[in-house]
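**Q** Have a look at this fold, sequence not included:
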């Protein structure tokens, strides 16, 4: 009886010792994330579309900070490439059209609900969970969440998903100013009373 108890105490003491050693090592040798990766990731559109050749925006941000080309983000287009070039001190390179062409207007998916068979293939393909529905039930798209990545269209067996332009509202409208003017904080152009 005493042998079992002393063995249990010895094993517990060894486990506590190793636990304390691992805890100390975790604190002492903690590796901080690369802050440049965080900044690059913040500039990317977060569509998680994979058109750049990476499974999402974060892995592409890591690749860019390691020297990969900054011109592979199709949804971000030239504006994102310019922002990345400014941040990283690199030369601006136009979008690599091997990965696709940037849309002229922001697009969103729309499911023709009367034709939807509820197969859930679009839900599985959506990288940002912008599609609601259940098996054998009609699906619908949360417009505000949809990034327009187009990944839900191809898996649809009944071809009931269309990519449509996002409607311009007072919240989404912006003035397409010439480079260097407008749209950026601090560069707002005051309106004057013309009358």
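**A** It's in. Please read all numbers here as calculations on a predicted model, not as lab measurements.
**Q** From now on I want contacts and neighbour counts done on CA atoms only, so please keep to that.
**A** Will do.
**Q** Under a three-state scheme, what state does residue 122 occupy?
**A** Here residue 122 is recorded as helix under DSSP: H, G, I helix; E, B strand; the rest coil.
**Q** Point me to the helix or strand that includes the spatially closest residue to it that is not a sequence neighbour.
**A** For residue 122, the nearest residue in space outside its immediate sequence neighbours is residue 152; the separation is 4.6 Å by C-alpha to C-alpha, 6 or more residues apart in numbering. Residue 152 belongs to no helix or strand when assigned by DSSP states H and E.
**Q** Mind checking which residue lies nearest the centre of this protein?
**A** For the chain, the residue sitting closest to the mean C-alpha position, by C-alpha atoms, centre = their mean, is residue 46 at 2.1 Å.
**Q** pretty sure that residue is touching residue 60, no?
**A** No. Counting by C-alpha atoms under 8 Å, residue 60 is not a contact partner of residue 46; they are 10.5 Å apart.
**Q** Now do the contacts for the residue lying closest to the residue nearest to the centre of the chain once chain neighbours are set aside.
**A** In this structure, residue 46 finds its nearest non-sequential neighbour in residue 57, 5.7 Å apart by C-alpha to C-alpha, 6+ apart. Taking C-alpha atoms under 8 Å, 6 or more residues apart in numbering as the criterion, residue 57 is in contact with 41, 44, 45, 46, 47, 48, 50.
**Q** at 10 Å what do you get?
**A** Contacts here follow C-alpha atoms under 10 Å, 6 or more residues apart in numbering; on that basis residue 57 touches 40-51, 63, 73.
**Q** Residue 47 now?
**A** Residue 47 neighbours (C-alpha under 10 Å, 6+ apart): 56-57, 73-76, 126-128, 145-150.
**Q** Return the distance of it relative to residue 73.
**A** According to C-alpha to C-alpha, to the nearest Å, residue 47 and residue 73 sit 10 Å apart.
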